[in-house]
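Trainee: Got a sequence here, can you model it:
(one chain, ligands or ions: 1)
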Amino acid sequence: MRILVLNGPNLNLLGKREPEIYGSLSLETINSLLQRLAAELNVELECRQSNSESELINWLHNAAPETDAVVFNPGAFTHYSYALADAAAAISIPVVEVHLSNIYAREQFRRHSVISPVAAGQISGFGAESYLLGLRAAASLVKKEEK
Ligand code: DQA
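Mentor: Numbers count the residues shown, from 1 in each chain. Purely as a prediction, here's the structure:
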């Protein structure tokens, strides 16, 4: 099984960026925690980050057939990118949306996700753990589909 983790804008700054909201772990550290869990789950994992909407769209388009599911933190694009929502809807593999912060407990504009209606599910508010829960959710979805 192969899973792709995609991170959107500003997530390259994790660890330095508003640590009181997003925590003190860098994206690199989160990625190594993910790789450790992936090894336990027998998942081949690739983690990518981009600040560019078009690059994220292309990565979603090109994910299948090699990739079985995507764990996706779209960053601020979560709240307004219909282009990313369309891309997530267009592909045949499940997309699990994750957020470090609880977006429903924050500013009004963050309380709406245009991605969640087309996602298999959403995990929000558990810091780096959101990614690990997202990976577990994606892996179990793929396993169920394989049965
Ligand atoms: C975020 C929440 C978004 O509102 C914000 O723009 C981010 C990070 C999160 O992981 O909590 O960049 O997606």
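Trainee: centroid residue for this structure?
Mentor: residue 72 (1.8 Å; C-alpha atoms, centre = their mean).
Trainee: Now do the buried residues in stretch 121-135.
Mentor: Judged by neighbour count (16 or more other C-beta atoms under 10 Å), stretch 121-135 contains these buried residues: 122, 123, 124, 126, 127, 128, 130, 131, 132, 133, 134, 135. Every residue, glycine included, has its C-beta placed from N, CA and C.
Trainee: Is that stretch in proximity to the ligand?
Mentor: No. Using C-beta under 6 Å from any ligand atom, we find that stretch 121-135 stays clear of the ligand, coming within 7.0 Å at best.
Trainee: so how far is the first residue of that stretch from its last?
Mentor: End-to-end distance of stretch 121-135: 12 Å, with C-alpha to C-alpha, to the nearest Å as the criterion.
Trainee: now it, how far from the chain's geometric center?
Mentor: Relative to the chain's own centre, stretch 121-135 is displaced by 8 Å; criterion: C-alpha atoms, centre = their mean, to the nearest Å.
Trainee: Pull the residues that contact it.
Mentor: 3, 5, 22-23, 25, 29-30, 33-34, 37-38, 41, 43, 45, 71, 73, 96-105, 113, 115-116, 137 (C-beta atoms under 8 Å, 6 or more residues apart in numbering).
Trainee: pLDDT of it, averaged?
Mentor: Average pLDDT, stretch 121-135: 98.
Trainee: where does residue 41 land on pLDDT?
Mentor: 98.
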